[in-house]
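In: generate coordinates for the sequence data below:
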Amino acid sequence: MGSVLNVAEEVEVSPPNLKYHKIPLRDGIPIPPERMREALEWIREHIVREKVLVACHYGVGRSASIIIGYLCSIGFGYQEALDFVSSKRAGVNPIPGLEETIRKSFNHT
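Out: Model (predicted):
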């Protein structure tokens, strides 16, 4: 059993036997801070009990940005988080403004 966080506005899925939450984000548009906080809270709530999949349409922009934000929230620096996610997923392309949002939100350099 696991959890799925869908951050694609245009994608609707109904995964059987999985906890599911949708935070509709538009591709290529900066993530509003309240949506980032909502995503991180949902991940924190579920990751202690099970694996969490963060998904969007292509898996390189919105979902990667949320994962980078999560890693920064647990102590990674921005570049370290970006490098880690990029090592796991080819073509990672964070949402515009993400680095500055994370730097301000989590006080990372």
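In: can you check the pLDDT for the spatially most central residue of the chain?
Out: Compute the mean C-alpha point of the chain, and by C-alpha atoms, centre = their mean the closest residue is residue 66, 1.7 Å away. Looking at residue 66, its pLDDT stands at 96.
In: hey, which helix or strand in the protein has the poorest pLDDT?
Out: Using mean pLDDT, DSSP states H and E, the weakest-scoring helix or strand in the chain turns out to be helix 98-106, at a mean of 73.
In: for the helix ranked longest in the chain, packing partners?
Out: For the chain, the helix with the greatest residue count under DSSP state H is helix 33-47. Judged by 3 or more C-beta pairs under 8 Å, 6 or more residues apart in numbering; DSSP states H and E, the packing partners of helix 33-47 are strand 2-8, strand 19-25, strand 51-55, helix 62-73, helix 98-106. In this view, the C-beta of every residue, glycine as well, is placed from N, C-alpha and C.
In: dump those into JSON lines; add distance to residue 86 as well.
Out: Formatted as JSON lines, the helices and strands packed on helix 33-47 follow (distance: least, C-beta to C-beta, whole Å):
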{"stretch": "strand 2-8", "distance to residue 86": "18"}
{"stretch": "strand 19-25", "distance to residue 86": "20"}
{"stretch": "strand 51-55", "distance to residue 86": "15"}
{"stretch": "helix 62-73", "distance to residue 86": "8"}
{"stretch": "helix 98-106", "distance to residue 86": "13"}
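In: do you know which of those lies nearest residue 88?
Out: helix 62-73 (8.8 Å; C-beta to C-beta).
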